[in-house]
Structures are given as C-alpha cells and as structure tokens.
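> Structural data only, the sequence is not supplied:
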C-alpha cells in the first residue's frame, strides 16, 4: 500500500530530510585520500544525532553502520571499515535520518582527489539521470514514465542502470511501496498521486548492469565486471505540479 502524506506528516518528514541532505553536504569535505570509511561513518552518525535526528540505517535489517559507503566497483551497501580511501577512487555515500517518526534517505557519489574524466562523467550522468526521471514525478503520471526516463538518459550516454536494486517509497518506514526501478516502459506502473514520497535513486555502472552480492559479508553489492558504479538519490514529494526535492 502506498501512503499519502498529510501536511502534518510532511512537517516532520521535511526535518528528517533536511538533516539527511545536510549530512551529505557536510561530509563532502572529509572525503579525502587517507581517511577510512569507518571514520566517515563516525562523523556522519555524530552529525545526524547532533542535528536532532537518528541514523535510520543503523541496525536496519541488521546493517551495522549509520552510512553505506561504497568505493569504485561497490554499487551500494558498502560496510564502513578500516579501508582507507585512495586518490582517484570514487565513493558513494548513502545516508538516512529519522525525525518524529518519519525518514529521509539520500546518496551522493564523491571524487577522492583527482579522478579520471570517465569517472567524472559517470558521476555527472548519474546525477543528471535523477533529474530527468523526476520530471515525471507528478500526480497523474505513471511510475514507468519516471523509470524509463532514467534508463533512456543513462543508456544514451553509454552507461547501464542496475536492475537488481531499485528506489522505493519512504515515510514512517525507510522502505515502503512502491518499488521504483531505474528501468522500464512508459505508461506502465502505478499512477502517482499528490502526497506520495519517493526515494528515487539511479545506480549507474560504467560497464555491465549485472551485479552480485559479495559472499564475504552478505551486504556488499559489486559490479560483475569490476568497473566503477555511481549512485545519486533524493527523497522526493509528488505534487500536482513540479516535485519537491526534500533532501536538497
């Protein structure tokens, strides 16, 4: 069941989403060669709590940290560790905050020092595909219109969208209906309504769209060909006009 958020719900949800978005803006300056992903996670958790929120990823389905931190060929769900970032890598940071019983969720991919032109293009296309998709995040449009727009933009630029992972509805729970694929056909899927809140999150690979779950921890999702992946996500409110991006 897809929930329509009331104005009272949205007051709380906007706070959760602002904390989430502020966390990603804050952490960018710490993404430097030599920092460990565990250090980044600690900074993120401290910031969320000092901002009045709760890190909603921590212990969600058993996840051990406050942020998913995914380097290069790791698509999503990278577990923070003593691994140090290295010059030339890209790192995707996915965070969420809860406030007043509601949730925010967002992700960005950052450059570690100087990166290749192709990695920068991957980051840029991933971000741009999100904005292409949410042109259709308005009441009366079909969810497939949004999904198709993301896929079309990514593939036009020579990259591929991950098909095994998707975006999702969000509200009182981090993951709610509907499932939001980053590929699909126009005119298909549920009809969007004013008050739906969606976590739209293109995950884009430089090579094949195929991925696998690393057997070592059961969480880490990697590209099958070892090529880099980028991630861009925001929590979006569907309205009768242009969507409202709650995490920017």
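Yep, that arrived. This one's a predicted model, so the numbers in the text were calculated from it and none came from an experiment.
> Show me the beta-bridge partners of residue 229.
When assigned by DSSP bridges, residue 229 has beta-bridge partners residue 205.
> Could you verify my assumption that it touches residue 162?
Yes - between residue 229 and residue 162 a contact is recorded at 7.2 Å, counting by C-beta atoms under 8 Å. For glycine as for every other residue, the C-beta is placed from the backbone atoms N, C-alpha and C.
> Regarding this structure, what is its longest helix?
Across the chain, the helix with the greatest residue count (assigned by DSSP state H) is helix 7-27.
> now stretch 125-143, how far from the centre of its chain.
The gap between where stretch 125-143 is centred and where its chain is centred comes out at 14 Å by C-alpha atoms, centre = their mean, to the nearest Å.
> So for stretch 83-99, what gets flagged as buried?
For stretch 83-99, a neighbour-count test (16 or more other C-beta atoms under 10 Å) marks 85, 89-99 as buried.
> Now do the end-to-end distance for it.
Here the two ends of stretch 83-99 are set 31 Å apart, with distance taken as C-alpha to C-alpha, to the nearest Å.
> Next: stretch 166-177.
End-to-end span of stretch 166-177 (C-alpha to C-alpha): 12 Å.
> average pLDDT for it?
The average pLDDT within stretch 166-177 is 98.
> again, but for stretch 102-120
Average pLDDT, stretch 102-120: 98.
> For that stretch, list every residue counted as buried.
Counting neighbours by 16+ other C-beta under 10 Å, one finds that the buried residues in stretch 102-120 are 102-112, 115, 119.
> Pretty sure residue 131 sits in a helix.
Yes - Residue 131 forms part of a helix when assessed by DSSP: H, G, I helix; E, B strand; the rest coil.
> Which parts of the protein are helices?
For the chain, helices defined by DSSP H occupy the ranges 7-27, 37-50, 117-134, 143-156.
> if you compare these, which one is most tucked away?
Here the criterion is mean neighbour count by mean count of other C-beta atoms under 10 Å, and of the helices of the chain the winner is helix 143-156, at a mean of 22.
> just the angle between that one and helix 117-134, please?
160 degrees (axes from the mean of the first three to the mean of the last three C-alpha atoms, to 10 degrees).
> Check which helices and strands helix 143-156 sits against.
Based on contacts counted as 3 or more C-beta pairs under 8 Å, 6 or more residues apart in numbering; DSSP states H and E, the elements that helix 143-156 packs against are helix 117-134, strand 160-161, strand 176-180.
> out of the ones you listed, nearest to residue 12?
With respect to residue 12, and counting by C-beta to C-beta, the nearest of the helices and strands packed on helix 143-156 is strand 176-180 at 15.2 Å.
> mind listing what that closest one pairs with, with the direction of each?
According to DSSP bridges, strand 176-180 has the following sheet partners: strand 167-169 (antiparallel).
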